[in-house]
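A.B. asks: Sequence first, then the predicted structure:
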Amino acid sequence: MSLKEEVQKRRTFAIISHPDAGKTTLTEKCLLFGGAIQTAGAVKSNKIKKGAASDFMEIERQRGISVATSVMSFDYNNCKVNLLDTPGHKDFAEDTYRTLTAVDSVILVIDCVKGVEEQTERLMEVCRMRDTPVIIFINKMDREGRPPFDLLDELEQKLHISTRPLAWPIGMGSDFQGVYNLYEKSLYLFSANKTKISDDIVAIQDLNDPELDKTVGERAANQLREDVELVEGVYEPFNLEMYQSGLLAPVFFGSALNNFGVKELLDAFTRIAPHPHDRESVNRVVAPEENKFSGFIFKIHANLDPRHRDRIAFLRVCSGKFERNKFFHHVRLDKNFRFSNPYAFLAQDKEVIEEAFPGDVIGLYDTGNFKIGDTLTEGEDLIFKGIPSFSPEIFREVINTDPMKTKQLEKGVQQLTDEGVAQLFIQQPGNRKIIGTVGELQFDVIQYRLENEYGASCRFIPMNVYKACWLTSENQEILDAFCRIKAKDIAFDKDNNRVYMAETEWQLNMTIRNNPEIQFHFISEFT
Ligand code: GDP
């Protein structure tokens with residue numbers, strides 16, 4: 001198969017949702033329909049239950065699961081589908097944001113009872129930053145949720161995206177019977193089954209077919225005919241280009257738990273979701289069909305065994321062909337590496353692979369050479385764009401509580417922040433280490449892992465910081481002067497960029513107003 005054909009059959013995506021909307025269930029059903037697993041129940045929820053007596057056991061359990069489910073690949077409709085897992089807990093949102101830099105599209109799951117929730121809006125904002133195409137799956141239609149048209153309105157208003165239903169529910173709650181496929185104008189009715197795909201499918205090609213009345217009942221059949229007429233009257237025909245540009249979200253309804261709507265979703269997904277496309281680097285635009293290999297690291301996983309410091313770095317292939325045992329160029333370190341055991345992932349299993357193509361995600365054993373955002377190439381000094389850090393929300397200073405273990409602490413903090421567990425900022429004088437996170441849970445993780453893996457102990461002092469902003473200015477002198485005057489509020493990020501740490505929202509707004517020649521950024525990458 002040519003490189004172009006390999007590219008065109010790949011669909012690399014993530015399923016995202018507010019916790020509890022049904023991400024894990026839908027993931028599992030995708031694997032079931034994709035033939036990657038035989039019965040449901042194989043995919044463990046990667047949720048962390050905060051407050052449980054065994055928090056740390058929970059964290060370890062979670063880490064085990066998330067290594068196993070980082071990438072799940074399966075074949076469906078002649079496509080090679082790569083499904084990237086994202087953590088469910090909001091404290092790990094940054095992990096999710098980073099994973100979204102490695103996908104070509106997403107499926108966003110909404111609970112039909114709850115509608116758009118807080119985390120849904122934030123995730124959507126991240127998708128919008130990169131114009132990632134979004135398909136929406138409205139789940140739990142077997143519950144008494146909000147009327148479908150109301151849900152569609154809410155999606156448009158709160159998520160600032162046009163919608164177009166491509167499937168329509170037949171009934172809702174206890175009357176929910178399945179979905180009509182507006183895209184293919186066909187109807188498949190399954191009997192509800194929580195663990196297997198049912199065989200007794202009723203296929204109906206024409207809405208006026210009396211078979212429909214017989215199968216779903218006259219009332220439901222008439223309601224469906226009415227709804228479909230309304231949908232076709234109100235909505236423009238589905239526009240593929242608008243979807244692929246991130247401007248229009250096709251909407252599916254269903255119940256992941258009961259297997260309803262999942263086939264319709266996957267069929268449409270493999271048809272319309274984009275294959276890997278051009279990617280911007282700082283240097284130039286890189287096309288997936290280019291012969292030379294390139295890829296970037298978007299996630300790093302520490303080994304679960306504390307005696308082994310090695311880690312797995314996850315690389316997304318962007319162009320050309322990755323090959324086992326071939327030397328590739330690590331741009332940041334200006335060194336060549338080859339990998340004798342690159343892994344691909346297949347549902348729960350991993351296997352050593354000989355080659356990988358654009359859109360694929362592979363796991364590389366790493367002894368500490370990789371940081372998130374690193375690029376590998378065949379020699380060109382490319383640096384891929386779009387792997388930003390987001391301004392954290394909680395800031396604490398790290399205090400060493402065992403002076404004999406200073407080195408271990410330094411190394412541990414460095415490696416954990418390279419892994420992306422949290423962000424590290426250094427403040428002068430005194431080399432103060434400030435850790436910024438999006439959630440409380442990361443501090444528990446850091447403290448626990450520093451002790452267990454590095455033998456270092458520390459405590460955290462809360463800091464009075466509201467936000468950290470990255471700074472740019474056309475006028476370097478003005479920026480330097482600002483940083484001198486505000487020295488006590490300036491720190492350096494992992495790449496030695498200056499950040500301004502504002503104590504309060506009020507102070508931040510004042511500072512922004514008083515310094516019109518300086519731009520304050522809430523993400524670390526600015527174009
Ligand atoms: P996640 O947090 O988004 O991964 O959500 P889960 O997939 O773990 O689902 C959360 C809860 O909703 C679980 O108890 C599921 O069994 C349940 N659930 C998922 N899909 C459906 C559905 O279609 N109908 C109903 N009634 N419950 C569902």
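C.D. replies: Alright, I've got the coordinates. Predicted, not measured: the structure shown is a model, and the values here were computed from it.
A.B. asks: Isn't residue 499 up against residue 486?
C.D. replies: No. Assessed by Cβ atoms under 8 Å, residue 499 is found out of contact with residue 486, at 10.9 Å. Glycine gets a C-beta too; all of them are placed from N, C-alpha and C.
A.B. asks: quick one: which of the two has more around it?
C.D. replies: For residue 499 versus residue 486, the count of surrounding residues by other Cβ atoms under 10 Å is larger for residue 499: 26 against 16.
A.B. asks: so what does the helix or strand containing the more buried one touch, helix or strand wise?
C.D. replies: Element membership for residue 499, per DSSP states H and E: strand 498-502. With contacts taken as 3 or more Cβ pairs under 8 Å, 6 or more residues apart in numbering; DSSP states H and E, strand 498-502 sits against strand 467-473, strand 490-492, helix 505-514.
A.B. asks: So which of the ones you listed is nearest the ligand?
C.D. replies: strand 467-473 (28.4 Å; Cβ to the nearest ligand atom).
A.B. asks: could you point out which element follows the closest one?
C.D. replies: Later in the chain than strand 467-473, the nearest helix or strand by DSSP H and E is helix 476-485.
A.B. asks: what's the angle from that following helix to strand 498-502?
C.D. replies: Helix 476-485 runs at 50 degrees relative to strand 498-502, counting by axes from the mean of the first three to the mean of the last three Cα atoms, to 10 degrees.
A.B. asks: Figure out how far helix 476-485 is from the centre of its chain.
C.D. replies: 37 Å (Cα atoms, centre = their mean, to the nearest Å).
A.B. asks: what's the answer for stretch 461-475, then?
C.D. replies: 25 Å.
A.B. asks: Would you work out how far apart the start and end of it are?
C.D. replies: 35 Å (Cα to Cα, to the nearest Å).
A.B. asks: dump the residue contacts of residue 525.
C.D. replies: 385, 386, 387, 388, 389 (Cβ atoms under 8 Å, 6 or more residues apart in numbering).
A.B. asks: Put the buried members of these into a PyMOL selection.
C.D. replies: To isolate the buried subset of those in PyMOL, counting by 16 or more other Cβ atoms under 10 Å, use the following:
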select buried, resi 385+386+387+388+389
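A.B. asks: The contacts of residue 525 into TSV, with extra columns for distance to residue 324, secondary structure and pLDDT?
C.D. replies: Listed next are the contacts of residue 525 as TSV, based on distance: Cβ to Cβ, whole Å; DSSP: H, G, I helix; E, B strand; the rest coil; pLDDT from 0 to 100:
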residue	distance to residue 324	secondary structure	pLDDT
385	28	coil	76
386	27	coil	62
387	25	coil	71
388	31	coil	75
389	31	coil	78
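A.B. asks: tell me the secondary structure for the nearest residue to residue 465 once chain neighbours are set aside?
C.D. replies: Setting aside the residues directly before and after it, residue 465 is nearest to residue 395 in space (Cβ to Cβ, 6 or more residues apart in numbering), at 4.0 Å. Look at residue 395: counting by DSSP: H, G, I helix; E, B strand; the rest coil, its state is strand.
A.B. asks: mind checking how far residue 395 is from the ligand?
C.D. replies: According to Cβ to the nearest ligand atom, to the nearest Å, residue 395 and the ligand sit 28 Å apart.
A.B. asks: Look up the pLDDT of the residue lying farthest from the centre of the chain for me, please.
C.D. replies: Centroid-distance maximum for the chain: residue 210 at 44.1 Å, with Cα atoms, centre = their mean. On pLDDT, residue 210 comes in at 86.
A.B. asks: what does the stretch 251-400 of the chain have sitting close to the ligand?
C.D. replies: 255, 256, 257, 258 (Cβ under 6 Å from any ligand atom).
A.B. asks: hmm, which two among these are most spread apart?
C.D. replies: Using Cβ to Cβ, these span at most 7.6 Å, a distance reached by 256 and 258.
A.B. asks: More neighbours: those two, which one.
C.D. replies: Counted by other Cβ under 10 Å, residue 256 and residue 258 do not tie: residue 256 has more neighbours, with 28 against 21.
A.B. asks: if I look at the residue farthest from the centre of the chain, how far off is the ligand?
C.D. replies: Residue 210 is 30 Å from the ligand, by Cβ to the nearest ligand atom.
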